[in-house]
Structure formats: C-alpha cells, structure tokens
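> what follows is a predicted protein model with its sequence.
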Amino acid sequence: MRISSVVKRFGGLVALDNVSFEVRSDEILGLIGPNGSGKTTLINCVSGFYRPDSGKILYGGKDLTGLKPYEIWRLGIARTFQIVEVFPKLSVLENVIVGVAFSNSIDLNQARQKSREILEYVDFRREEDVLAKYLNLGQMKLLSFARALVGHPKLLLLDETVAGLTPGEQTKIANLIKRINKELGITVLLVEHSTKFVMEVCDRIVVLQEGRKIAEGLPQEISKDERVMEAYLGKEHIY
Amino acid sequence: MKKITVTRIELTWKNVIALLSLAFMIAAPFVVRGSYISHIFISALLFGTLAASFDFGVGYLGIVNFGYAAFMGLGAYTSAIAAIRFGINPWLGLLLGGAAAGLLGLATGVLTLRLYGIFVACFTWFLGMALMFLIAVAPEVTRGHLGLSVPFFPNVWILDFRDPLRLSYFAIIAILSLSILFFLYYLGNRTKMGLAFKALRGSEPAAMVCGINPLKYRVLNFVITCFIAGMLGSFYAHYIRILTPSLLATSKTIEILAIAYLGGRGSLWGSIPAAFLIITLLEFLRPLEAYRFIIYGVILILIMIFYPGGLARLITRKELF
C-alpha cells in the first residue's frame, strides 16, 4: 500500500501535512509520534472514516480515498480502534462472528466455526457465551483483535492495541502480532505510543510529528535518529 | 451463542407459563364467547403486534419512527380504496396495504436514515402529519373527516365474517400476529441481517469495519417494519370498516410506542402482554373519557425511570436493550 502526499485538515488545523510512505507487503510497520502527531488520523484515512483533503492512498492499484469503511473492509483491510469498540450486548463468540459473517458466501455456521478457531488461535480465555461488556480491557482488546483477524484480512491496521494493558498482556499481543504476520502472512500497520513495544515488534518504523513525517527506517536507525529524539524529548536533552 | 444455536424449546417453568398464557389467549374468545371480549382481544393483538414491529426498529436499531401510525393508516386506506374502487378482496388487500406502506418506507428510509436519532424521529413525525392532512383534504378519494366506509366481504374462502362474535377476525389476527412475531424473531436472532442490526446497535464504527453497510440495514429494517404496519392497517380497515384521518395521528403512534416500551424494548414478544394490559386498563378507565390517555404519558415516564427493561425483564434476565 502506498500513501502519497496525504493532507487532512480539521478547520485551520493541519492534522496530516503531505504524508507519504509505503507499507510493504508482509511487513510489520510501526507508526509512532508524540500526542497529536496525526497517527490515528492517518489510520482513519486509510480505513475510510476520514476522506483526505488531497493525496492518494493506493492499495493494490486502487485508490482508497472516498471509499466507505465497509467497502475498504471488503478489499481485505481490517482495523481495531484506539478506544476499544466491542458489541457490548453480544456474546464473545457473536462479536467474532460479526467479523466474518458479512463476507460473501459464508453462512452463519461456517462463521461460527471460523470464529471458534480464531478465539483458539489468539488464546482467548473466557467462555464464548459471556457478554462482551463483562470483559476487562485486556480481554476486550484481544476480542476486537480476534474480530479483525477472523475475516483473514491482507492488511491489519492496529490503533494502540496495547495502551493500558499490563506488561504480561503486552507481551502476549506482541507475540501474537509477530505470529499472524509470519504464519498467516498478514501485513500489519500499527500505531503505538510505547516505543519499546514498537522497537520490539516492528520491521520498520515511520515517525510523525505535527502531521509531518520526520523519519522512516529500521528500528535501530530510528532509535538513533536525532529528529526523533528531539520530537519526543525536546531539543535541550540532546545538546 | 445460545440465541443462535438452540432451536428446541426447553421445558422450564417460564416456558410452561408462556405456553399456557398463549393457549389461554387463543382459547379465551372461543370459550367466553362475547363480542365485546372478542373485540378487546382483537385490539390487543393488533396493537401488540404493531408495537412488536415498532420494537423491531427501536429495540434492534434505535430507529424511532414517529409516523408509525401514518404508515399503518396508509395501509388501511390503500386496502379500503382498492376494495371500494376495484373490489379487491381483503386477502390481497393485506399485501397491497403492506406494499404501499413498505414503498413509502423505502423512500422515507433512503431519505432519512442517513440522519440519526432525533432527526429520523422528527422527519417521520412530519411525514406522518403530512399524510394525515393529505387524507383529510382529499375527500373525493378518502371522504376526509366524514369517514370512509369499507365494503363488507361476508365470506372469503371458508371464513364467515357475519358471525356476531367476530371469531373469524380473531382467528385471522391471531395467526397474523403469531406469524409476524415468529418472522421478526427469526430475522432478529437467526439471520445475518439480525446480527447486523445488533452489531450496529452495539457500535456503528465497529460494525462498519466488519463489512456492514449501516444505511442498507437501517433501510431494510425500516421497510420491514413499515410493511408490517401497512398490513396490519389493512386488517384494521376491514375489521373496523370505517376509516378517519385520526387513525394516522401522532397520538396513535404514541399508543404503540407506549405499548412497546412497557413490553420491553428489544424483546418483541413483551409487546403482546403489554397491549393486553394497556388496552384492558383503558377499557376500565372509559368513564374518564379523554383524560384516560394521560395514562400513556404516565406509563412512559414510569417505565423510563424505574424499569427501562419493561415487562420482558420480569421474565428473562437477559438484557435486551
């Protein structure tokens, strides 16, 4: 997927200022940056919740800008949300079923089957008939992860999947992301605050600051990049 | 997941009570044999089913159709005029009334369901009023406030409608009501469509990233509930046999809404006992004349404050709304 010169404004605020980069197939690409740098805005542009003011988002030769979220999902792009979104009055299993039932040529029985497999795959440890609203945050995040995964997307957009989770849960998610990338061949674009997590999981990293891309490269390059240090820590820490 | 997998009915005391009340409900007019009792039962089933179908919009998708009575009235007038002008019999009338209301529902749905919450309620409310005034000002077709009398079809197929006990009408509305309830329950709980409704109700953004087109499902839901309103309106036309524009009034929608809320949003079946309760209560309060309609407001307020789950919550612990 290629993101080229994407601009998104909210009134006078330029949330994304001419951002371009490429998501290579089969990689895990991390998108980091300080608060308000435009990470979630970019995810929202890619998944169809926002329409960029200019620029293109090309995915397999097709421009995604202007498509609706459910049309983008049909092209094989799934996502999770920063503030976790589950269907509170549906059971765990039903939540996952929704993630696959609306692809063509799948009936509810097949959807149920696939959902059970995915719950097993992500090692979800609660009864499948408990209502989603009774889960804790870690379980909800894992559940929405499973829901995004069950339709076998080619590209998965993860918006702060580990924010607010315990270190143990973070490690579990980190391993899971690496596993789905390797075993299922899913390309991952993830937004995260925790630099440690991103350094550990990602193949490459793109850094945003105030809506502009300030760096792009391998984790070890990024961790030494002066502009990135400056963005995160301020100038005086370097000099 | 039990909701989707379990198709047999378990023999718990709750189900036994439910089946007994169902049996009572169906048997009573045949046993008691009074035209007044029949009338109460027919009205309760008619309005209970209307409320259940209204609940299919409110309880599943949060769509409040404030012009619901107008869609019912449109079905009633369509079927009545078809019978007067072309001698169309009530059976076809049911479909015709449903189709008219369903088509208007489709047009309204496409226009309004891009909007949310209060905007849908307002638009449908205005539409309902417009429709009511339209019927009132076109006396050459609808006879306006003078009232349109519907021709009597004494026997269609095997049923004899001259029976003063009106048992034929009761049989028809009972069958209609049960089929509609089962149909809605099936749609809501056993199909992808129902799953989409529930997902949208839970979280629209999450539903969209699961491939669900919100507009499509909201319109579908709207058309289905409007079709049912039209069909039941058509039954009303041939049962009451006199139609006035007041059938389409907002106050009728409020009656339906109060029954649905008392029954318990999202339960569907709760509307039936709720309708029996409210309609018999109103009969008892008849000496109070117009003041008795205050009861709808009081019921709505009490339910919203103290028992938002409604009657259904008394029986099932499952959270429906």
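Received the coordinates, thanks.

> list of residues touching the strand or helix carrying B:Leu20?
Per DSSP states H and E, B:Leu20 falls inside helix B:13-32. Here helix B:13-32 makes contact (CB atoms under 8 Å, 6 or more residues apart in numbering or on different chains) with B:9, B:37-38, B:41, B:165, B:167, B:170, B:174, B:272-273, B:276, B:315-316. Bear in mind the C-beta positions are built from the backbone N, C-alpha and C, glycine included.

> nearest to chain A among these?
Of all the contacts of helix B:13-32, B:Thr316 has the smallest distance to chain A: 13.3 Å, by CB to the nearest CB.

> show me which residues of chain A sit near chain B.
With CB under 8 Å from any CB of the partner chain as the criterion, chain A comes near chain B at residues A:47-49, A:68-70, A:73-74, A:78-79, A:81, A:85-91, A:93-94, A:97-99, A:101-103, A:108, A:112, A:128-129, A:131, A:144, A:147-148, A:151.

> swap in 7 Å and give it another go.
Taking CB under 7 Å from any CB of the partner chain, the part of chain A that reaches chain B is made up of A:47, A:69-70, A:73-74, A:78-79, A:81, A:85-91, A:93-94, A:97-99, A:101-103, A:108, A:128-129, A:147.

> now B:Met132. Nearest residue, chain neighbours left out?
B:Leu248 (3.9 Å; CB to CB, 6 or more residues apart in numbering or on different chains).

> give the contact list for the residue of chain B found nearest chain A.
Of all residues in chain B, B:Gly202 sits closest to chain A, at 3.2 Å by CB to the nearest CB. With contacts defined as CB atoms under 7 Å, 6 or more residues apart in numbering or on different chains, the neighbours of B:Gly202 are A:Phe87, A:Pro88, A:Lys89, A:Leu90.

> just give me the neighbour total for the first one.
Right, the one you point to is A:Phe87. When counting by other CB atoms under 10 Å in any protein chain shown, one arrives at 25 neighbours for A:Phe87.

> now the one 5 residues further on
Using other CB under 10 Å, the number of residues around A:Val92 comes to 27.

> show the pLDDT at the residue in chain A positioned nearest to chain B.
Residue nearest to chain B within chain A (CB to the nearest CB): A:Phe87, separated by 3.2 Å. A:Phe87 is assigned 94 on the pLDDT scale.

> try the one 4 residues further on
For A:Ser91, the model assigns a pLDDT of 93.

> list of residues touching the helix or strand A:Ser20 falls within?
Using DSSP H and E, A:Ser20 falls within strand A:13-22. Residues outside strand A:13-22 that contact it (CB under 7 Å, 6+ apart): A:2-9, A:38, A:41-42, A:206, A:211-213, A:216.

> that one: what's the following helix or strand?
strand A:28-32.

> ok, then the element right after that following strand?
Next element after strand A:28-32 (DSSP H and E): helix A:39-46.

> now do the same contact list for the nearest residue to A:Cys45 once chain neighbours are set aside.
In space, and not counting its chain neighbours, A:Cys45 is closest to A:Pro52: 5.0 Å by CB to CB, 6+ apart. If you count contacts by CB under 7 Å, 6+ apart, A:Pro52 has them with A:Val6, A:Val7, A:Lys8, A:Cys45, A:Thr65.

> narrow those to those in strands?
When DSSP state E is applied, the contacts of A:Pro52 are split such that A:Val6, A:Val7, A:Lys8 fall in strands.

> got a list of what the last one touches?
It refers to A:Lys8. Listed by CB under 7 Å, 6+ apart, the contact partners of A:Lys8 are A:Ala15, A:Leu16, A:Thr41, A:Cys45, A:Tyr50, A:Pro52, A:Asp53.

> which two from these end up farthest apart in space?
Using CB to CB, those span at most 11.3 Å, a distance reached by A:Thr41 and A:Asp53.

> between these two, which is the more surrounded one?
More neighbours surround A:Thr41 than the other of A:Thr41 and A:Asp53, with 21 against 15 (other CB under 10 Å).

> show the pLDDT at the more buried one.
94.

> what ranges does the stretch 201-321 of chain B have for its strands?
Assigned by DSSP state E, counting those that start in this stretch, the strands in the stretch 201-321 of chain B fall at B:242-243.

> which parts of it are helices?
Secondary structure of the stretch 201-321 of chain B by DSSP state H, counting those that start in this stretch: the helices cover B:204-208, B:214-240, B:250-263, B:271-284, B:294-306, B:312-315.

> quick one: low-confidence residue ranges for the stretch 51-200 of chain B.
Applying pLDDT under 70 to the stretch 51-200 of chain B flags residues B:155-160.

> 80 instead?
B:113-117, B:141, B:145-146, B:150, B:153-165 (pLDDT under 80).

> next one: chain A
A:104, A:229-239.

> nearest residue to the middle of it?
When CA atoms, centre = their mean is applied to chain A, the residue found nearest the centroid is A:Leu158 (1.5 Å).

> that one in helix, strand or coil?
strand (DSSP: H, G, I helix; E, B strand; the rest coil).

> chain A: strands as residue ranges?
For chain A, the strands defined by DSSP E occupy A:2-10, A:13-22, A:28-32, A:54-59, A:62-63, A:77-79, A:155-159, A:187-191, A:204-209, A:212-217.

> swap in the stretch 1-150 of chain B?
Under DSSP E, counting those that start in this stretch, the stretch 1-150 of chain B gives strands at B:148-149.

> chain A contacts on the stretch 101-250 of chain B?
Counting by CB under 7 Å from any CB, the stretch 101-250 of chain B comes close to chain A at B:192, B:195-196, B:198-199, B:202-203, B:205-213.

> ok, those vs B:Phe133, which is closest?
Relative to B:Phe133, the closest of those is B:Asn213; by CB to CB it sits at 34.7 Å.

> excluding covalently adjacent residues, which one is nearest to the closest one?
Leaving aside its chain neighbours, B:Asn213 sits nearest to A:Tyr70 (5.0 Å; criterion: CB to CB, 6+ apart).

> ditto for B:Leu127
B:Gly67 (4.8 Å).

> residues touching the one you found, list them.
B:Thr124, B:Trp125, B:Leu127, B:Gly128, B:Thr253.

> quick one: these as JSON lines, columns for distance to B:Arg85 too.
Below are the contacts of B:Gly67 laid out as JSON lines (distance: CB to CB, whole Å):
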{"residue": "B:Thr124", "distance to B:Arg85": "28"}
{"residue": "B:Trp125", "distance to B:Arg85": "30"}
{"residue": "B:Leu127", "distance to B:Arg85": "25"}
{"residue": "B:Gly128", "distance to B:Arg85": "24"}
{"residue": "B:Thr253", "distance to B:Arg85": "28"}
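
> now compare these and name the two farthest from each other.
B:Leu127 and B:Thr253 (11.4 Å).

> most distant residue from the centre of chain B?
Computed with CA atoms, centre = their mean, the most peripheral residue in chain B is B:Val209, at 32.6 Å.

> could you report the separation of that residue from A:Pro153?
10 Å (CB to CB, to the nearest Å).

> any shared contact partners between these two?
A:Ala78.
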